[in-house]
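1. here are the coordinates; sequence isn't available:
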């Protein structure tokens, strides 16, 4: 039986898609750690960001965080290249309205912002020419 080149290419593409959908890593990619073995999801850990001199840049972590009455959300940052940055973090006031809280300036810092009973993404505003990691 002869298999045409088009048919073979389609079969390889379908198998590749199926393998990726099942969680297999592409060739040359690092293997993911098994669940429960210290693997971190995309919503935990440090994220990279960059700021521009003289302009506020907003970054978010792309994950929804669920709050509760009286809860505070923790933020932290560390500059790894460049100068100091000024930071504002998103939180929510007593009536659940988004509010930007001043977190100060420097090469490293941390702050807690009121969050309350809200589901939303964590966001930071960064001002200053630097590359940093934040959580």
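-> Structure's in. What do you need? Only a predicted model underlies this, so the values are computations on that prediction, with no experimental measurement involved.

2. can you give me the helices for this protein?
-> 5-21 (DSSP state H).

3. which residues of it score low on pLDDT?
-> 1-41 (pLDDT under 70).

4. buried set for stretch 121-135?
-> 122, 123, 124, 125, 126, 127, 128, 129, 130, 132, 134 (16 or more other CB atoms under 10 Å). Placement of C-beta: from N, CA and C, glycine included.

5. do stretch 75-88 as well
-> Neighbour-count burial for stretch 75-88 flags 75, 76, 77, 79, 84, 85, 86, 87, 88 (criterion: 16+ other CB under 10 Å).

6. just stretch 96-114 next, same as before
-> Under the neighbour-count criterion of 16+ other CB under 10 Å, stretch 96-114 has 101, 103, 109, 111, 113, 114 buried.

7. correct me, but the fourth one touches residue 75?
-> Yes. When contacts are counted by CB atoms under 8 Å, residue 111 is listed as touching residue 75 (5.4 Å).

8. Next, show the common contact partners of those two.
-> Residues touching both residue 111 and residue 75 (CB atoms under 8 Å, 6 or more residues apart in numbering) are 87, 89, 103.

9. List the contacts of the first one.
-> When you say that, I think you mean residue 87. 75, 77, 103, 104, 105, 109, 111, 124, 125, 126, 127.

10. just residue 50 next, same as before
-> 57, 126, 130, 131, 132.

11. Then residue 48?
-> 131, 132, 133.

12. Now flag whichever of the residues you listed is closest to residue 67.
-> residue 133 (23.6 Å; CB to CB).

13. count of neighbours near the nearest residue to that closest one once chain neighbours are set aside?
-> Of all residues not flanking residue 133 in the chain, residue 46 sits nearest, at 4.2 Å (CB to CB, 6 or more residues apart in numbering). Residue 46 has 13 neighbouring residues, counting by other CB atoms under 10 Å.

14. how close does residue 46 get to residue 116?
-> Distance, residue 46 to residue 116, using CB to CB, to the nearest Å: 25 Å.
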